[in-house]
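K.L.:
next comes the sequence, and after it the predicted model I'd like to discuss.
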Amino acid sequence: MPLLRVLSASRAHASRVLFVYEALCVRQQHSGLDSADRHYDRLYPGHIPTNIIQKALLAVGSGVAALQDPYRHDMVAVLGETTGHLALITLRDRMRGDPEGYTILTERPRIRLSTLDLSKMASLPDGSLGREYLRFLEDNRVTPDSRTNVKFVDNEELAYVMQRYREVHDLLHTLLGMPTNMLGEVAVKWFEAVQTGLPMCILGAVLGPLRLSTSRLEPLVTSLGPWAVRNGRQARCVLSIFYEQRWEQSLQDLRLELNIEPPPCSPSQIPARGPHQTHSTDL
């Protein structure tokens, strides 16, 4: 059957790209770079230089692999890095034009367990950004350390912008009041697609609804989706917020400052995550 042949070819291509991905990682770890690649050597820790053909292969293959298994976080990460160059430039320029965003680009803060004062965050009042972010991490059993480090972006500053996007993703869940079930993830992805313009986010926003049941698709189409798109358009650039300096700020005040409306329904009204689901990077 033609469909079976297409699926078989897709799996075969994804397997070949996985081989390319692993070979590039091994080359980066165990061998020197040829003269054509030396210009890009050591732009940042873990950087793996790739030419345009390698990037195209990685983009197509990682996209196929991520569609087959949206929980392949490594493939979702590769897809974002190999297709996001123009969007990252736009995001970088928006951050440069914002005083707070410019400070972030200058100081390069990281959101990791090693940089978070969890005890202090736990002592903050309910409703504060820090307390609600910590509650989100605890309730969903996720950690900022699970975010993959950038490897395939051939510009150090743009690589940081991509890394920052990944590390604020859970903060966006907190700001938007969305859980980590598939419906909540798709709503966040619609917001991110409009906010960032990253092809990975756009693909996730388009394909994510296909994985929803009819009962979960209805609230996305009628309320959550339009709300996410509207707020993605009207909100201040979410990468230009120095969240680490705002833990004590109330979530309500921060939403007002960023021009983000409260969600049209509470997280408790969104179907809960199943027992075997894990936090997705979300295609």
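P.N.:
Arrived safely, thanks for sending.

K.L.:
from Asp139, how far out is Arg230?
P.N.:
With distances taken as C-beta to C-beta, to the nearest Å, Arg230 is found 27 Å from Asp139. The C-beta positions use only the backbone N, C-alpha and C, and glycine is treated the same way.

K.L.:
these two - which one has more neighbours?
P.N.:
Neighbours were counted for Arg230 and for Asp139 using other C-beta atoms under 10 Å; Arg230 has more, 15 against 11.

K.L.:
and that one, what are its phi and psi?
P.N.:
As for Arg230, its main-chain torsions (degrees, to the nearest 10) stand at phi -60, psi -40.

K.L.:
how about Gly46?
P.N.:
Torsion angles, degrees, to the nearest 10, at Gly46: phi 90, psi 0.

K.L.:
and the pLDDT for it?
P.N.:
You'll see Gly46 listed with a pLDDT of 91.

K.L.:
would you map the strands across this protein?
P.N.:
Shown for the chain, no strands are assigned by DSSP state E.

K.L.:
hey, where'd the helices end up in it?
P.N.:
2-30, 52-68, 73-83, 85-96, 99-107, 118-123, 129-140, 156-176, 182-196, 199-207, 214-219, 225-234, 251-258 (DSSP state H).

K.L.:
mind putting these into JSON lines with mean pLDDT and distance to Phe242?
P.N.:
Output for the helices of the chain, formatted as JSON lines (pLDDT from 0 to 100; distance: least, C-beta to C-beta, whole Å):
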{"stretch": "helix 2-30", "mean pLDDT": "48", "distance to Phe242": "32"}
{"stretch": "helix 52-68", "mean pLDDT": "87", "distance to Phe242": "31"}
{"stretch": "helix 73-83", "mean pLDDT": "89", "distance to Phe242": "23"}
{"stretch": "helix 85-96", "mean pLDDT": "98", "distance to Phe242": "11"}
{"stretch": "helix 99-107", "mean pLDDT": "98", "distance to Phe242": "5"}
{"stretch": "helix 118-123", "mean pLDDT": "96", "distance to Phe242": "16"}
{"stretch": "helix 129-140", "mean pLDDT": "95", "distance to Phe242": "11"}
{"stretch": "helix 156-176", "mean pLDDT": "97", "distance to Phe242": "11"}
{"stretch": "helix 182-196", "mean pLDDT": "95", "distance to Phe242": "17"}
{"stretch": "helix 199-207", "mean pLDDT": "92", "distance to Phe242": "22"}
{"stretch": "helix 214-219", "mean pLDDT": "87", "distance to Phe242": "33"}
{"stretch": "helix 225-234", "mean pLDDT": "97", "distance to Phe242": "20"}
{"stretch": "helix 251-258", "mean pLDDT": "98", "distance to Phe242": "12"}
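
K.L.:
just put these in CSV and tack on distance to Asn149.
P.N.:
Formatted as CSV, these follow (distance: least, C-beta to C-beta, whole Å):
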stretch, distance to Asn149
helix 2-30, 12
helix 52-68, 16
helix 73-83, 9
helix 85-96, 16
helix 99-107, 18
helix 118-123, 22
helix 129-140, 19
helix 156-176, 7
helix 182-196, 19
helix 199-207, 16
helix 214-219, 33
helix 225-234, 26
helix 251-258, 27
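
K.L.:
closest one to Arg147 among those?
P.N.:
Among the helices of the chain, the nearest to Arg147 by C-beta to C-beta is helix 156-176 (4.3 Å).

K.L.:
could you say what helices and strands that closest one packs with?
P.N.:
Packed against helix 156-176, as judged by 3 or more C-beta pairs under 8 Å, 6 or more residues apart in numbering; DSSP states H and E, are the following elements: helix 73-83, helix 85-96, helix 99-107, helix 129-140, helix 182-196, helix 251-258.

K.L.:
list the contacts of the residue nearest to the spatial centre of the chain.
P.N.:
For the chain, Arg166 is the residue whose C-alpha lies nearest the centre (C-alpha atoms, centre = their mean; 4.1 Å). Residues in contact with Arg166, defined by C-beta atoms under 8 Å, 6 or more residues apart in numbering, are Ala77, Arg147, Thr148, Val150.

K.L.:
and the closest residue to the first one other than its chain neighbours, what does it touch?
P.N.:
Take Ala77 and drop its neighbours on the chain: the residue closest to it by C-beta to C-beta, 6 or more residues apart in numbering is Thr148, 4.3 Å away. Contact partners of Thr148, counting by C-beta under 8 Å, 6+ apart, are His73, Asp74, Ala77, Arg166.
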